[in-house]
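*Asks:* Coordinates for the following, if possible.
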Amino acid sequence: RLLRGLWLLVAAPLMAQPVAPGPELALHQAGVEVPDQTEASRLPALREALQVAAIKLAGDERAGADPRIAGADPGPYLQRHEYRQELYRPVPGAAPRIRLTLVATFHPASLEGLLLSAGFAIWGDDRPALMVLLREADGSGRWSAFRQRASERGLKLRWPADQSWLPLTEPDADPRAVLDYARAQGASYVLTGGFGLTGTQVAGQFEVRVGQHRDPLSISGDSVEQAEIELANRTLAVLSRRFAESGRAGPVELN
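*Replies:* As a prediction, the model looks like this:
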């Protein structure tokens, strides 16, 4: 019997050992929703999965659009693929539906080689967590689109467990206090800011903090979902760039 929230693995051709059940995927994996398991659906899904995995590994949305990656045949890079089914409800109280996802696992060395040949840096598995201190706008859906995109791109998030962080979002907040709070929560990066509504536009000012570096982000969109996805994309780009600039394999220390 299918239960809500349970992931089922469906055997796929050439599948080796199965990936562990659950929505969390490794950096060299990517999931793409598909209508069925036919070859006509599988081939474009594998191409899209290669682009998504490249973006995750590089931490750079531009990797997915690079013609050397977008136009690559996924076959030589593919280790295995499988299908997962998930029961979900479109809205609370609605009848459950089944979502079918193709999960592709790529050879780490091959995928990294493709990225390097296209001129992109590799942001590896050791990704320090991002402390998220965001003022929640009305109708933001609890940052659901931001959370989803961050998860898809391999970004580790830490959210505050209480309201003691609210003063840290004020313009005159002590930067040291912000970093100390993040460190206490097990995070090495910090994202602050929030959205507001200007007419029909969603806009906001944010800041990504990595050590002594403070990168401002001005984000806007025609919808909350669009703006949150853009925030996740640009936050990831800042963090991956700072990581590459540090020249270190380990986490960036807060100081």
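
*Asks:* And the contacts of the lengthiest helix in the chain?
*Replies:* Longest among the helix segments of the chain by residue count, using DSSP state H, is helix 224-246. Outside helix 224-246, the residues within contact range by CB atoms under 8 Å, 6 or more residues apart in numbering are 58-61, 121, 123, 127, 130, 137, 139-141, 143-146, 149-150, 153, 155, 189, 191, 195, 202-204, 206, 208, 210-211, 213, 215, 217, 219-221, 252. All C-beta atoms are positioned from the backbone trio N, CA, C, and that covers glycine.

*Asks:* Just the buried residues of those.
*Replies:* Buried members of those, scored by 16 or more other CB atoms under 10 Å, are 58-61, 121, 123, 127, 130, 137, 140, 143, 145-146, 149-150, 153, 155, 189, 191, 195, 202, 204, 206, 208, 210, 215, 217, 219, 221, 252.

*Asks:* Can you list which of the contacts of helix 224-246 are found in strands?
*Replies:* Members of the contacts of helix 224-246 lying in strands (criterion: DSSP state E): 130, 189, 191, 195, 202-204, 206, 208, 210, 213, 215, 217, 219-221.

*Asks:* any idea which helix or strand carries Ala30?
*Replies:* Using DSSP states H and E, Ala30 sits in strand 29-33.

*Asks:* can you dump the C-alpha coordinates of that strand into CSV?
*Replies:* Provided in CSV are the C-alpha atoms of strand 29-33 (Å, rounded to 0.1, in the frame of the first residue of the first chain):
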residue,chain,number,x,y,z
GLN,A,29,22.4,13.3,-8.7
ALA,A,30,19.4,15.2,-10.1
GLY,A,31,15.7,14.5,-10.2
VAL,A,32,13.4,15.5,-13.0
GLU,A,33,9.6,15.0,-13.0
